[in-house]
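Trainee: okay, here's the prediction I keep looking at, along with the sequence it came from:
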Amino acid sequence: MDLQALHGKQLLAAVVFVAATVVLAVQLITPTPVVVSVGEGGTEVAELGGYFQYRDVAVITVSAVLLGSSGTYLVTTDWSGRDAKSPAIDRRPPDSAGGAVRTDGNDGLAPSGDLLDARREEWEETAERLAKNEREIYETILDEDGVMAQSDIVDATDLSKATVSRTLDSLETKNLVERKRRGMGNMVLLL
């Protein structure tokens, strides 16, 4: 889990998870002693340790419920950090998505149809805001419907492998592209 990715609800769930764990552990380790008073001609006070009072059981129950629910939320949360407003790209293999199998090596990573048209407009607006090398690489990938092998980018541009790699690092940092490992190379996808 990337601790820098914790924001909003995820951060709250993580804090609740840790707090509930601490409360539950402390409560189970140190139960409240039960005090018994016996009096026949006098009172004698004796403490019976190791028993839980109703209040202890309630604290343990609430802590366990909070621990379970916050833990479940953290495990099932999408940690990609992707903006909920951006349309999702179907990244399933083409045969399971019902589309045609591509023969250009893109493995069904590129969006198609109406989604491609909508994304293309977005990508073109983004390309206009980029600097020289970033724009050249971004537009090269855009010309290939948003998915291209990194080695093909080097071949399609006059840039060196190192320059392409550094520029892709910069674009990845800006969440504009994503590199996926495919065999010995990378496939680059526009986001």
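Mentor: All right, it came through fine.
Trainee: got any ranges where this structure has weak pLDDT?
Mentor: Within the chain, the ranges that satisfy pLDDT under 70 run 1-7, 32-51, 78-115.
Trainee: shouldn't residue 135 be within a helix?
Mentor: Yes - looking at residue 135 with DSSP: H, G, I helix; E, B strand; the rest coil, it is inside a helix.
Trainee: can you give me the neighbour number for it?
Mentor: 16 (other CB atoms under 10 Å). C-beta here means a position set from N, CA and C on the backbone, and glycine is covered the same way.
Trainee: who's in contact with the residue nearest to residue 124 when sequence neighbours are not counted?
Mentor: Distances taken as CB to CB, 6 or more residues apart in numbering place residue 142 nearest to residue 124, at 7.0 Å, with adjacent residues excluded. The contact partners of residue 142, by CB atoms under 8 Å, 6 or more residues apart in numbering, come to 120, 123, 124, 127, 190.
Trainee: surely residue 177 meets residue 189?
Mentor: Yes - checked against CB atoms under 8 Å, the pair residue 177 and residue 189 is within contact range at 6.4 Å.
Trainee: any residues in contact with both of these two?
Mentor: When contacts are counted by CB under 8 Å, 6+ apart, the set common to residue 177 and residue 189 consists of residue 141.
Trainee: tell me which of these two has more neighbours.
Mentor: More neighbours surround residue 177 than the other of residue 177 and residue 189, with 22 against 19 (other CB under 10 Å).
Trainee: mind checking which helix or strand the nearest residue to that one once chain neighbours are set aside is in?
Mentor: Leaving out its chain neighbours, the residue that sits closest to residue 177 by CB to CB, 6+ apart is residue 171, at 4.4 Å. Assessed by DSSP states H and E, residue 171 sits inside helix 161-173.
Trainee: show me what that helix is packed against.
Mentor: helix 132-143, helix 150-156, strand 177-182 (3 or more CB pairs under 8 Å, 6 or more residues apart in numbering; DSSP states H and E).
Trainee: buried residues, that helix. List them.
Mentor: 164, 165, 167, 168, 170, 171 (16 or more other CB atoms under 10 Å).
Trainee: one step back: distance-wise, check the residue nearest to residue 124 relative to residue 28.
Mentor: Distance, residue 142 to residue 28, by CB to CB, to the nearest Å: 58 Å.
Trainee: what's the closest non-adjacent residue to residue 120?
Mentor: The shortest distance from residue 120 to any residue that is not its chain neighbour, by CB to CB, 6+ apart, is 7.2 Å, and that residue is residue 142.
Trainee: oh, that last question was meant for residue 163, not what I typed.
Mentor: With sequence-adjacent residues excluded and distances taken as CB to CB, 6+ apart, residue 163 is closest to residue 133, at 6.4 Å.
Trainee: ok, now which ones touch that neighbour?
Mentor: Residue 133 sits in contact with 159, 163, 167, where contact means CB under 8 Å, 6+ apart.
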